[in-house]
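**Student:** Quick one: sequence plus predicted model below, questions after.
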Amino acid sequence: MTQEPATQQSPPQVIIDATPKSEVQTKSEEQAIEFMKEMQENAGQISELAAEEENLVTQFFNSMLKIFKPFGKTVEITLSALPEKYHGQVSKAYLYVTGQLILVYANGEIEILNLAEKENHDILVEITSEIMMQLKSVISAYRLRTEKRVKFLMPITKELQKIAEVFSEK
């Protein structure tokens with residue numbers, strides 16, 4: 001028996017393809033600069049949006065005040081329209097058209113939240129559809145009352161005008 005010489009298999013040659021340290025540092029610096037630019041852009045947009053939000057909230061309550069002025073100063077908010085954290089704790093909720101949300105708790109405590117303040121804008125957004133429903137209801141009821149008065153006064157006024165004509169002919 002002859003032995004064949006064993007072919008020695010050498011392990012595969014390891015090739016290290018590492019980015020030179022200076023390139024890694026440059027990429028890292030470029031990435032950091034790009035992140036900073038993005039953060040600055042976002043911060044600028046946040047500032048613009050916050051100013052716009054403040055303006056819109058002010059206009060919202062100014063409009064509410066003008067619309068509700070003939071009807072009264074408060075709107076009752078249904079409890080289900082309130083944020084979840086108030087459910088089960090609040091027994092009544094009222095919105096003054098100037099932006100104060102009055103929360104009456106079951107234990108008798110009263111909390112007043114100014115919805116015009118930035119930290120309460122989320123609550124304003126949550127109850128806005130309720131406010132719009134209340135507004136629609138109040139305006140519709142006012143229109144019906146006005147129509148009723150007009151229907152009542154129209155024939156009476158026409159008759160009074162006829163009588164006034166008789167007296168003015170003399």
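**Tutor:** Ah, there it is. Numbering: from 1, shown residues only.
**Student:** When you work out contacts or count neighbours from here on, use the C-alpha atoms and nothing else.
**Tutor:** Noted.
**Student:** Can you tell me, leaving aside adjacent residues, what's nearest to residue 82?
**Tutor:** Excluding the flanking residues, the one nearest residue 82 by C-alpha to C-alpha, 6 or more residues apart in numbering is residue 127, at 6.2 Å.
**Student:** wait, residue 62 sits on residue 116?
**Tutor:** No - counting by C-alpha atoms under 8 Å, residue 62 does not reach residue 116; the two are 10.8 Å apart.
**Student:** Look at those two and report which has more neighbours.
**Tutor:** Between residue 62 and residue 116, counted using other C-alpha atoms under 10 Å, residue 116 has the larger neighbour count: 20 against 14.
**Student:** can you give me phi and psi for the more buried one?
**Tutor:** As for residue 116, its main-chain torsions (degrees, to the nearest 10) stand at phi -80, psi -20.
**Student:** Over to residue 30?
**Tutor:** As for residue 30, its main-chain torsions (degrees, to the nearest 10) stand at phi -60, psi -40.
**Student:** count of neighbours near it?
**Tutor:** 12.
**Student:** What distance do you get for it to residue 44?
**Tutor:** From residue 30 across to residue 44, the span is 21 Å (C-alpha to C-alpha, to the nearest Å).
**Student:** got it, and residue 102?
**Tutor:** Computed with C-alpha to C-alpha, the distance linking residue 102 and residue 44 is 34 Å.
**Student:** got it, and residue 164?
**Tutor:** 70 Å.
**Student:** Distance of the most centrally placed residue in the chain relative to residue 117?
**Tutor:** With distances taken as C-alpha atoms, centre = their mean, the residue of the chain nearest its centroid is residue 125 (2.8 Å). Distance, residue 125 to residue 117, using C-alpha to C-alpha: 12 Å.
**Student:** For residue 90, which non-adjacent residue is spatially closest?
**Tutor:** Per C-alpha to C-alpha, 6+ apart, closest to residue 90 is residue 105, 4.1 Å.
**Student:** Tell me the confidence at that neighbour?
**Tutor:** With respect to pLDDT, residue 105 scores 95.
**Student:** and what of residue 54?
**Tutor:** Looking at residue 54, its pLDDT stands at 94.
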